[in-house]
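# pasting the structure only:
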Ligand code: C2E
Ligand code: CA
Ligand code: CA
Ligand code: CA
């Protein structure tokens, strides 16, 4: 069986030329990097928009490459997904995030940090061990299940029985699911029916330009139409919202006016090492 797989892979590699070889090398590199502990998790605060108050974080992985420096996930997550390495890499992010969130909870108390979110790829949801990996990460860290948010995207979710079963089990365990990049896919609305979501994250593309007044009455402003529709939908379905990619005070004001209460973006706080979040939480505690 191994020989057959190998032959098929070689044919594919020949057909595709150099990029596939580069991808094979990257797959090996990723494995080595994981074994050598080159991946780190940074956390981007999710804040209350009306008072710039940290209420949660999203975990984002970084690769500290010995010669290339810090590599962004856009450059290696696709390869990690293709090679399957996203499964052990994702498990590392999951365990690290649960451990860190539990530490924050112990240090700053239950009101300081409502939730910690992390991104989950379709490949992970297809892994038959994913649900038990999550359960183990919660047990081992002591993080209560309602503090964990798993962010999934439409492309990650719409295919597969295995995935819906996994998502329903996670939901039953009390873990909250967030629909990431909401509004960008072709079937965001079907997704709401297919997935037991608790949170929708309004994609950055709908936040971009939201502050610009196009001269028309607010209700007819095309730039705000999707953001407005999403918050109405969320309210109707009892879902929480997070607006992503906020880069200015004007965008905060426009989102608050539309009814968004929580957001994330470089203007509010950039992704940072855990110690940076600890400093923010310590400052909030002192207030
Ligand atoms: P995402 O889940 O949509 O994460 C948000 C991305 O937007 C992050 O990029 C974040 O740094 C960036 N961002 C936040 N605020 C702003 C802003 O105001 N302006 C702009 N221009 N960007 C902003 P990052 O960390 O490079 O991650 C890119 C993507 O890689 C993530 O998009 C996610 O899809 C994926 N990713 C990151 N970490 C993981 C992981 O641990 N597992 C998986 N499966 N995917 C991950
Ligand atoms: Ca995300
Ligand atoms: Ca997103
Ligand atoms: Ca994205």
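Thanks, I have it. Just so it is clear, the structure is predicted and the values come from calculations on it, not from any experiment. Numbers count the residues shown, from 1 in each chain. Ligands and ions are numbered 1, 2, ... in the order given.
# Now residue 59: phi and psi?
With angles defined as degrees, to the nearest 10, residue 59 sits at phi -80, psi 130.
# Also residue 47?
Residue torsions, per degrees, to the nearest 10, at residue 47 are phi -120, psi 160.
# thought it was touching residue 57?
No - applying Cβ atoms under 8 Å, one finds residue 47 not in contact with residue 57, separated by 9.9 Å. (Glycine included, C-beta is placed from N, CA and C.)
# Of these two, give the one with the bigger neighbour count.
The residue with more neighbours, out of residue 47 and residue 57, is residue 57; 32 against 25, by other Cβ atoms under 10 Å.
# Now do the contacts for that one.
Shown in contact with residue 57 (Cβ atoms under 8 Å, 6 or more residues apart in numbering): 43, 44, 45, 46, 101, 113, 115, 116, 117, 277.
# if we look at ligand 1, which of these are close to it?
residue 44 (Cβ under 6 Å from any ligand atom).
# Export the contacts of residue 57 as JSON lines, with columns for pLDDT.
Rendered in JSON lines, the data for the contacts of residue 57 read as follows (pLDDT from 0 to 100):
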{"residue": "43", "pLDDT": "98"}
{"residue": "44", "pLDDT": "98"}
{"residue": "45", "pLDDT": "98"}
{"residue": "46", "pLDDT": "98"}
{"residue": "101", "pLDDT": "98"}
{"residue": "113", "pLDDT": "95"}
{"residue": "115", "pLDDT": "97"}
{"residue": "116", "pLDDT": "98"}
{"residue": "117", "pLDDT": "98"}
{"residue": "277", "pLDDT": "98"}
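# out of the contacts of residue 57, who's nearest ligand 1?
Lowest distance from ligand 1 to those (Cβ to the nearest ligand atom) belongs to residue 44, with 5.7 Å.
# Pretty sure that closest one sits in a strand.
Yes - assessed by DSSP: H, G, I helix; E, B strand; the rest coil, residue 44 belongs to a strand.
# Mind listing the residues bridging to the most centrally placed residue in the chain?
In the chain, the residue lying closest to the centroid (Cα atoms, centre = their mean) is residue 119, at 3.3 Å. Legend: beta-bridge partners of residue 119 under DSSP bridges are residue 151.
# tell me which residues in the lengthiest helix in the chain are buried?
As assigned by DSSP state H, the longest helix anywhere in the chain is helix 86-108. Buried residues in helix 86-108, counted by 16 or more other Cβ atoms under 10 Å: 86-87, 89-102, 104-105, 108.
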